[in-house]
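K.L.:
I need the structure of the sequence given here:
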Amino acid sequence: MTAFDLDLVASMHDALRTGQFVLHYQPEVDLASGEVVAMEALLRWQHPDRGLLWPADFLPAAEASGFIVELGQWTIEECAREAALWQRLPAARRAGGKQLWVNVSAAQLASPGFADVVSHVVRDVGLPRNVLGVEVREASLDGDMAQMTKVLVALKQAGLMVALDDFGTWYSALSHLDELPLDAVKLDQRFVRGVGLDLEDDAIVASVIRLAHAHGLQVVAEGVESWSEGARLCELECDRAHGYLFAGPQQAESARLLLTRGVGWQAPKPPSTVVVPEARIAAADDLNPLEP
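P.N.:
Residues are numbered from 1 along each chain as shown. Okay, here's the model as predicted:
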């Protein structure tokens, strides 16, 4: 690790102590109804000198130093408190609650007692079952599968949901769908980007959706940006999506408003005869939200 990296790690420790880390929340939309049904928590660092930093600016150093475990613990605690607050929103009570996804690293999953710690956090804030969910990257499967499965089963027993993130990028993951206690898969945006325009991408996305549904899993498309992508995903019976077509990451107050009153979009009907005018595709560029 370079001296700069060591300085960065020291700064991160200080940032956590002084409250410089913040969470933004990106809406997840039910494609059939247009309802905002969930959020994904995204970590940011409000640096006093460099401004708002994205994960790529600091997470590699956090992972290399092991600080990711402490930072990840803080993230889970904050997410649990925020998700508990959401359950008291009027619209959330009517709909049976809104869900919140948080990313966890391979180092967190491998840390001693991780599932027990998360279970205590969820219990302490009184969070109902199947409200808080963890996202595990496919790359994390390239390790001790038996231990990974044991941890994820313990998280499920504690009332959390489990999703496989970046799905489709590691073909080895396909063989583990029956082993892992999953609720959802999140389709990597590299496949979403060409859907509706490229026949090869359409075929890949369609096959992944069929496979996931055959295993009783929901499919969430990541990074949807255009009406053509959203319309084609509806045709392919994708369940949910997030991306700038709907809204970008929101600060907590804006996220709560969306959960109470927000509708992500109006799904095209009927899906089998969707026509996407150029004007509507172009208009998606104007939908970029509150991302600083």
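K.L.:
Backbone dihedrals for the closest residue to V125 other than its chain neighbours, both of them.
P.N.:
Closest residue in space to V125, ignoring its immediate chain neighbours: A84 at 4.4 Å, by Cβ to Cβ, 6 or more residues apart in numbering. C-betas here are computed from N, CA, C, even on glycine. For A84, the backbone dihedrals (degrees, to the nearest 10) come out as phi -70, psi -40.
K.L.:
Please verify my assumption that A84 contacts V122.
P.N.:
No. Counting by Cβ atoms under 8 Å, A84 does not reach V122; the two are 9.1 Å apart.
K.L.:
So if I had to pick from these two, which one is more boxed in?
P.N.:
V122 (23 against 18; other Cβ atoms under 10 Å).
K.L.:
From A80, how far out is that one?
P.N.:
Distance, V122 to A80, using Cβ to Cβ, to the nearest Å: 6 Å.
K.L.:
Pull up the overlap in contacts between the two.
P.N.:
Listed contacts common to V122 and A80 are L132; contacts here mean Cβ atoms under 8 Å, 6 or more residues apart in numbering.
K.L.:
In the helix or strand hosting A154, which residues are buried?
P.N.:
Element membership of A154, judged by DSSP states H and E, is helix 145-157. Buried residues in helix 145-157, defined by neighbour count with 16 or more other Cβ atoms under 10 Å: 148, 151-152, 154-156.
K.L.:
Kindly report the same for stretch 5-15.
P.N.:
Neighbour counts over stretch 5-15 (16+ other Cβ under 10 Å) mark 8-9, 11-12, 15 as buried.
K.L.:
Can I get these in a markdown table including secondary structure, distance to F246 and pLDDT?
P.N.:
Shown next, in a markdown table, are the buried residues of stretch 5-15 (DSSP: H, G, I helix; E, B strand; the rest coil; distance: Cβ to Cβ, whole Å; pLDDT from 0 to 100):
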| residue | secondary structure | distance to F246 | pLDDT |
| --- | --- | --- | --- |
| L8 | helix | 33 | 91 |
| V9 | helix | 35 | 92 |
| S11 | helix | 34 | 95 |
| M12 | helix | 31 | 96 |
| A15 | helix | 30 | 97 |
